[in-house]
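Trainee: Dropping a prediction and its sequence here:
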Amino acid sequence: MSATPPAPAPGLGSWKSRLLSHEMLLFYVLIALWLFFYFAGTTVNRRGVTVGFGTLDRQFDILRHSCEIGLLALALTPIIITAGIDLSVGSLLGLCAILFGQLWHDGGLPIPVAAGLTLVIGALAGGLNAVLITALRIPPLIVTLGTYSLFRGLAEALTRGSITYTDFPASFLYLGQERWLGLPTQAWIFFAVAIVVGVLVHRTTFGRAFRTIGFSPEGARYAGIPVARRLALAYVLAGLIAAIAAIIYTARLGQAKADAGTGYELFAITAVVLGGTSIFGGKGSVIGTLLGVAAIAVLKNGLACLPVVMRMNAAEEMSGLLTGALLLFALSAGVVPQLWSGFRQRASAT
Amino acid sequence: MSPAPLLELRQLVKNYGGVRALRGVDFDLRAGEVHALLGENGAGKSTLIKVVTGAHAPNGGTITLAGQTVSGLTPATARALGIACIYQQPALFPDLTVAENLALRLNAPSPAARMRWSDCRARATKLLARIGAEISPDAEVRSLSMPEQQLVEIACALGSGARIVVMDEPTASLTQKEQHLLFAVVRDLRQNGVGVIYISHRLEEIFALADRVTVLRDGQSVGTHPVAGIDEAGLIRLMVGREVAQIYPAAESAPGTVVLSLNQLGCRSSGVSNVSFDVRAGEVFGLGGLVGAGRTELARILFGLTPADSGTITLGGQTLTLRTPQAAVAHGIAYVPEDRRRHGVVLDLPIAHNMTMAIHRRLFPTTWLRFGAERALTLDYIRDLAVKCSGPEARGGSLSGGNQQKVALARWLATKPKLLILDEPTQGVDVGAKSEIHKIVRRLAKEGLAVILISSDLPEVIGMSDRIGVMGGGTLRAILPGGSDPHVVMAAALGTAA
């Protein structure tokens, strides 16, 4: 091996392009946002206690609340790299939460067994998406729009719209509400999943296949890549991760109900796209997704700490608005340099 | 003095980049005649049609319509001047009815006009009746057969008052009976003083239908003749001409044992039937024929893309069922496809990814990517095939056509195949890269690989092959020795005895 020159990391060129990569730009924005909220969103109350964005408790809280959407974003990253989409992950989170509660409460199963079965069910639900997409060749958008309603409807039917499962044992709630080795317990699971997905996407032949399919499904087929099997893997994995998110969600809130995770899929897609993964497939990274998740979380929670926003009581609205603005900015930031160089070429040509 | 011809082309020139597609073509079309256009693939027929219909602007020469020289022809002005073109694949809207399609083409576009659907319907009925087509104006185009759709196109051409109708291989997808209906319509057009430019590979059609025939070769007209004064052998002689002497690397090895053996192979969905031949180790087996002869379709069967439904494929003594490309690759079959940019190379990915794409299992047995090993292998092939690139990280799309082809070739050589199928490997490749690819193919054969070389370039397929299988109409028409007389190959491709 010593004869071959060292291989540069895949997809990265010189240090200059590395510093200007989408991920790095997003990282600078994230730091700037964080610093802004650190100075503008931290206050000292009448009793002399520091409150707001700048406290460690608040930072951990942000991390705790980001884990579920973060997991869904990790689930969506490989799928979007294949130029697919999965709108059903939020609904599947709800369905898995209900099934987990039922297995434990009504089925009388121990928590670990119920959790294990929930993961299997999540993977099977992902498998349903996969079969419809690969065997019946229905576009992913349509398939998962259908299962988006199907999974949520099932969750509501199983609970008749009213049952909520509560009274989980403290040992289970530890997963969602306590800290382990200094960090919120679920954050460890989130990081573990991030590493698994990151390795899968960046360091294995599966990730290569996802990228190839994303750029050119026909080209992948002509190269002998088992396109259907690789796509199926991405969707099954997404179902599995959605089930993990469901269990964490239940442990954080201490209750399992049918509307769990409503609208999460859109936050997750936003995080993935903000992180630089192309909705047209091929391009994308797990680091980018993590930065996207972090940016959305900091923006949302930081705004809630700003005195001016607190007085207006408009944190939700403001965070929606600014997330949208950030997303559009991030997407156009990739296009502007191209437009600029195209303009310069035309200018120099005449 | 006869009246001015409907269409007259003088010294028409058309270049695509550095490629000279038309080099000064003269052509004329009279009112009330069917003028056939004949030539090998790439002789310039399509380019000529594109210039006449205004799709492409010529680089030189004049176009005269009924005595008037026109310039700056666009598709819209060409149509307004009475030029209509009927393509092999009718370009109608499948979800609209026949009457609606006709209205869309024939009504003058105006933003605020009110549609009179009853008028449109009446006109459609009249036009369809005039060409003797039994098609309801209310039928959705989707429900019509291919020939019926062509008839709608013809009705359209008539409705627009076209004086010049171009037909590009109109009978390629028609049955015998449908052909006769089409011929009747063409003769009727001629009676009405319309000039028809008729492109076809089928010589018998030309003799049945055309008044005159012009043969194109290498972007030049090699003669216009009244059909009555020429026979098939004469036409073939004109099409092939005298070949420019080109040096092809000579075979250096005698073919060895049989690697691939096809017996009565067929696939109904892709129109291939009854193909039987053997390919030996160290042999280059050429597949010649015209576009649509079924050669790519045969390759797709062998690569598992469109599985066969009859006959057998035997590779190395083992009878195979090939239902997926993965199965074909696993058995040692490699296919470098015709459409390089869509199928051969993933343009957005680096060369390294492209070259190792088909050997993931061997190079990365644990699925874990080994970048060092990948880079070493890629550099080897870049050196071995002399790929001009900035390195293994360069994107496939940044390379020239010839170098892209080498990347596609490297991907399949890396699989260490037993059988290599090359589909038009030198199409759109510059002369230098072309001769390099020829040398590589010869070297591979010498190393014992069985090669199937599909090429529409007649000198190439004759010069490169040890034996030549000539295909036509989805089946094998003849097997000829390498270096055969081009006239004989062309005659076999056309399905006539020369």
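Mentor: Received, thanks.

Trainee: and the residue in the stretch 151-300 of chain B positioned nearest to chain A, what does it touch?
Mentor: Closest residue of the stretch 151-300 of chain B to chain A, Cβ to the nearest Cβ: residue B:300 (9.7 Å). Any C-beta I mention is one placed from the backbone N, CA and C, and that applies to glycine too. By Cβ atoms under 8 Å, 6 or more residues apart in numbering or on different chains, the residues touching residue B:300 are B:270, B:306.

Trainee: what's the answer for residue B:85, then?
Mentor: Contacts of residue B:85 (Cβ under 8 Å, 6+ apart): B:49, B:53, B:165, B:166, B:167, B:168.

Trainee: Just the buried ones from those?
Mentor: For these, a burial check counting by 16 or more other Cβ atoms under 10 Å in any protein chain shown picks out B:49, B:53, B:165, B:166, B:167, B:168.

Trainee: okay, now the nearest residue to residue B:21 once chain neighbours are set aside: neighbour count?
Mentor: Leaving aside its sequence neighbours, residue B:21 sits nearest to residue B:47 (Cβ to Cβ, 6 or more residues apart in numbering or on different chains; 4.2 Å). Look at residue B:47: counted by other Cβ atoms under 10 Å in any protein chain shown, it has 24 neighbours.

Trainee: helix, strand or coil for the closest residue to residue B:480 other than its chain neighbours?
Mentor: Take residue B:480 and drop its neighbours on the chain: the residue closest to it by Cβ to Cβ, 6+ apart is residue B:468, 4.7 Å away. Per DSSP: H, G, I helix; E, B strand; the rest coil, the secondary structure class of residue B:468 is strand.

Trainee: separation between residue B:468 and chain A?
Mentor: 26 Å (Cβ to the nearest Cβ, to the nearest Å).

Trainee: residue contacts, that residue?
Mentor: B:285, B:286, B:287, B:288, B:461, B:462, B:479, B:480, B:481, B:482, B:484, B:489.

Trainee: In the sheet, which residues pair with it? Tell me.
Mentor: Beta-bridge partners for residue B:468, by DSSP bridges, are residue B:286, residue B:480.

Trainee: Check residue B:197 too.
Mentor: Counting by DSSP bridges, the residues bridging with residue B:197 are residue B:35, residue B:166.

Trainee: could you list every residue that touches it?
Mentor: Contacts of residue B:197 (Cβ under 8 Å, 6+ apart): B:29, B:35, B:37, B:49, B:52, B:164, B:165, B:166, B:167.

Trainee: Just confirm residue A:58 contacts residue A:50, I think it does.
Mentor: No: using Cβ atoms under 8 Å, residue A:58 makes no contact with residue A:50, being 9.8 Å away.

Trainee: tally of neighbours for residue 122?
Mentor: In the absence of a named chain, chain A is used. Quick note: residue A:122 (other Cβ under 10 Å) scores 30 neighbours.

Trainee: my bad, the chain I had in mind was chain B
Mentor: So residue B:122, with other Cβ under 10 Å, has 13 neighbours.

Trainee: helix, strand or coil for it?
Mentor: helix.

Trainee: can you pull the contacts of residue A:194?
Mentor: Residues near residue A:194 by Cβ under 8 Å, 6+ apart: A:70, A:74, A:286, A:290.

Trainee: Which residue, other than its chain neighbours, is closest to residue B:285?
Mentor: residue B:279 (4.5 Å).

Trainee: sorry, back to before: between the contacts of residue B:197, which is closest to residue B:457?
Mentor: residue B:37 (20.0 Å; Cβ to Cβ).

Trainee: Nothing else from me, thank you.
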